[in-house]
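**Student:** Test case, fold it:
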Amino acid sequence: MKRSLEQIDYKEGTEALAIFAKALSHPTRIAILKHLDKQSCCYTGDLVHVFPLAQSTISQHLKELKNAGLIQGELNPPKIKYCIDQENWKIAKTLFQQFFD
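**Tutor:** Got it, this is the predicted structure:
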């Protein structure tokens, strides 16, 4: 079950911030998020054409972003469509803003 920002306490907030920060610690993941923000959604194969990386490498970065909750995947066999998880993205932006303020 997802929780809203108002329901997250200090401990959960700092843990969530650390998870988001770790997911954003690689330049390719930042580039993937920027691309998804512009495209709304795309498939793994689409990202292989955008970034000069192997599909397995792209898939690993998508897995990290998904595990952190920053993106979500929708299975459309045989492909997976990825997009930004807007609720968690809003939480991440707020937590980072609070941290930097």
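**Student:** all helices for this structure, in order.
**Tutor:** Along the chain, counting by DSSP state H, helices occupy 10-23, 27-39, 44-50, 55-67, 86-100.
**Student:** Now render these as CSV, adding mean neighbour count and distance to residue 77.
**Tutor:** Quick note: C-beta positions are derived from backbone N, CA and C, even for glycine. Shown next, in CSV, are these (neighbours: other C-beta atoms under 10 Å; distance: least, C-beta to C-beta, whole Å):
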stretch, mean neighbour count, distance to residue 77
helix 10-23, 14, 26
helix 27-39, 15, 21
helix 44-50, 15, 13
helix 55-67, 16, 16
helix 86-100, 14, 24
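**Student:** and the most centrally placed residue in the chain, what pLDDT?
**Tutor:** Of all residues in the chain, the one closest to the mean position by C-alpha atoms, centre = their mean is residue 70, 2.6 Å from it. pLDDT recorded at residue 70 is 97.
**Student:** so it touches residue 33, yeah?
**Tutor:** Yes - counting by C-beta atoms under 8 Å, residue 70 does reach residue 33; the two are 6.6 Å apart.
**Student:** shared neighbours of the two, which are they?
**Tutor:** 24, 84 (C-beta atoms under 8 Å, 6 or more residues apart in numbering).
**Student:** that older thread, got the helices of the chain as a markdown table, with distance to residue 76 and mean pLDDT columns?
**Tutor:** A markdown table is the format used below for these (distance: least, C-beta to C-beta, whole Å; pLDDT from 0 to 100):
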| stretch | distance to residue 76 | mean pLDDT |
| --- | --- | --- |
| helix 10-23 | 24 | 88 |
| helix 27-39 | 16 | 94 |
| helix 44-50 | 11 | 89 |
| helix 55-67 | 15 | 95 |
| helix 86-100 | 19 | 93 |
